[in-house]
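Asks: Any chance you could fold what I've pasted below:
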Amino acid sequence: MKKSKHGEMYEYLYYFGQDCSYLSSEGFKFFLPAALYYFLSTDENKAYMDWFIFRLNSQWEKDQYIFDGNQQTFILAFVSDYYNDGYASSTLDS
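Replies: The predicted model follows:
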C-alpha cells in the first residue's frame, strides 16, 4: 500500500479510491473524516470531497440514518463554506 505523509487516513482513501459510491453507509461515514483530513491538509487533489458530495446528494435517502443531527449540521456548514454553491444543502435540509 502506498505510504504518505498524510498517514492512515490517506491510506484508507488510497485503498478505496475516490469513488465512495459503492461503500456501505458505515464505510461512507468513515470516508468523511478521511476525505476532510486530506482536503484540509493538502492542495494535491480535492476529488475525494467531490466524490463525498456526489454520494451525499445521490444516496442521502440510504445514508441519512448514519449521521446524527450534529454531524449533519457540521457537514452542511463545511460544504457551504468550501463549496458555497448550495449543492448539498437541499439534500441535508430534507
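Asks: now the helices for the chain?
Replies: Under the criterion DSSP state H, the chain contains helices at 7-16, 25-41, 47-58, 60-63, 69-82, 89-93.
Asks: Run through the neighbouring helices and strands of the shortest one.
Replies: So the one you mean is helix 60-63. Secondary-structure packing of helix 60-63 (3 or more Cβ pairs under 8 Å, 6 or more residues apart in numbering; DSSP states H and E): helix 25-41. Bear in mind the C-beta positions are built from the backbone N, C-alpha and C, glycine included.
Asks: buried sites along the helix it packs on?
Replies: Phe28, Phe30, Phe31, Leu32, Ala34, Ala35, Leu36, Tyr37, Tyr38, Phe39 (16 or more other Cβ atoms under 10 Å).
Asks: And stretch 38-58, by the same measure?
Replies: Under the neighbour-count criterion of 16+ other Cβ under 10 Å, stretch 38-58 has Tyr38, Phe39, Ala47, Tyr48, Met49, Trp51, Phe52, Ile53, Phe54, Arg55, Leu56 buried.
Asks: What's the mean pLDDT across it?
Replies: Taken as a whole, stretch 38-58 has a mean pLDDT of 81.
Asks: Quote the end-to-end distance of that stretch.
Replies: 22 Å (Cα to Cα, to the nearest Å).
Asks: repeat for stretch 40-50
Replies: By Cα to Cα, the extent of stretch 40-50 from end to end equals 13 Å.
Asks: How about Asp19: what's its closest non-neighbour residue?
Replies: Trp51 (5.7 Å; Cβ to Cβ, 6 or more residues apart in numbering).
Asks: With Met49 instead?
Replies: Excluding the flanking residues, the one nearest Met49 by Cβ to Cβ, 6+ apart is Phe39, at 4.6 Å.
Asks: what residue ranges in this protein score low on pLDDT?
Replies: 1-18, 45, 83-94 (pLDDT under 70).
Asks: Pretty sure Met49 sits against Ala35.
Replies: Yes. Checked against Cβ atoms under 8 Å, the pair Met49 and Ala35 is within contact range at 5.2 Å.
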